[in-house]
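Participant: Model the structure of this input:
(one chain, ligands or ions: 1)
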Amino acid sequence: MSAELIDGKKISQEIKTEVKASVENLKSKGIVPGLAAVLVGDNPASQIYVRSKAKACDEAGIYSEVLKFPKDMKESELLELIQELNHKDAISGILVQLPLPEQISEEKVIKTISPEKDVDGFHPCNLGLMLAGKPTFLPCTPFGIQELLMRSGNDPAGKHVVILGRGSLVGRPLSVILSHKAKGANATVTLCHTGTKDIPRYTKQADIIVAAMGKPEFLTRDMVSPGAVVIDVGVNRVEDKTCEKGYRIVGDVAFEEVKEVAKAITPVPGGVGPMTVAMLMANTLKAAKMQKGLI
Ligand code: GUN
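Facilitator: Here you go, the predicted model:
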């Protein structure tokens, strides 16, 4: 048996089409949503991510600015730039691509972004609202995973979701989001991490497994019960001399073997990745509407 593929590219396209329609409607009222994407340094993965975010803005009719700076940029310069963007009317959302060079405090940067423009959902105010289950900007990757589950017919309500990895960008916020008593949530959540003894004991009891710990092909067939839904958040480079680039990208799931037991599985690439970008567009649209008093 082979699992159904959960097509993140297709589902993200549906969301981007919905966003585009709302953007056109806003434009007819004279409102244009705008995103500022800030990139510091030359991390190759970050460059690709920022480019794909700007392209998605173009496709959705969202105005975008990509602001690039050298890796020796001073923290004070970046904080000043963010203050300017906080006050700039054409900018509804601000995204500072992480990770940042070591001379810059990510915490200070995130706290400087106005919570109303924090389309990444990383500001402590927005994290607090998320924890309280109040309306806010949800971090794009966990938000995208929730949408991916719902739109692929795998509502997490009443299910046992086992999350691997407690990182602040994915695992930890996802555990909060899916445990709320709300639509698209209401799951029983187990959060496994480096302190967990006997991880397979938990994954074998899971209806839904989300692998987000950043370990190449960690989740193997023997850890998954037949019929589970498997979401792979990993993006890992592994050396492969047979590839042109000398490496290939694999997820946190041993895809070829897990697909033989799972009911449904996300590919890497083409699973969670495109969803993150689609939810950023949705958050930018929401920011524009909020700032104009429409929601
Ligand atoms: N780096 C990895 N994921 C993300 C993300 O969702 N937002 C930002 N700003 N940086 C990231």
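Participant: Which single residue in the chain comes nearest to the ligand?
Facilitator: L98 (3.7 Å; CB to the nearest ligand atom). In this view, the C-beta of every residue, glycine as well, is placed from N, C-alpha and C.
Participant: if I read this right, T276 contacts I145, doesn't it?
Facilitator: No. Shown here, T276 and I145 do not form a contact pair, counting by CB atoms under 8 Å, at 9.0 Å.
Participant: Give me the more crowded residue out of the two.
Facilitator: It is I145, of T276 and I145, that has more neighbours when counted by other CB atoms under 10 Å, with 30 against 24.
Participant: Doesn't that one belong to a helix?
Facilitator: Yes. Under DSSP: H, G, I helix; E, B strand; the rest coil, I145 falls within a helix.
Participant: That one and I231 touch, don't they?
Facilitator: Yes. At 5.8 Å, I145 counts as touching I231 under the criterion of CB under 8 Å.
Participant: Can you check which residues contact both of these two?
Facilitator: V210, V272 (CB atoms under 8 Å, 6 or more residues apart in numbering).
Participant: circling back to that earlier point, could you pull up the residues touching the residue of the chain closest to the ligand?
Facilitator: Contacts of L98 (CB under 8 Å, 6+ apart): S46, E106, L169.
Participant: Grab the nearest non-local neighbour of the first one.
Facilitator: Which is S46. Of all residues not flanking S46 in the chain, Q97 sits nearest, at 4.7 Å (CB to CB, 6 or more residues apart in numbering).
Participant: ok, that neighbour touching S52?
Facilitator: No. Taking contacts as CB under 8 Å, Q97 lies outside contact range of S52: 11.2 Å.
Participant: For the two, indicate the residue with more neighbours.
Facilitator: Taking other CB under 10 Å, Q97 and S52 do not tie; Q97 has more neighbours (20 against 15).
Participant: Next one: the most centrally placed residue in the chain relative to V23, how far apart?
Facilitator: Geometric centre of the chain, nearest residue: T141, 1.5 Å, by CA atoms, centre = their mean. As for T141, its distance to V23 is 22 Å (criterion: CB to CB, to the nearest Å).
Participant: average model confidence for the helix or strand hosting V189?
Facilitator: Per DSSP states H and E, V189 falls inside strand 188-192. The average pLDDT within strand 188-192 is 99.
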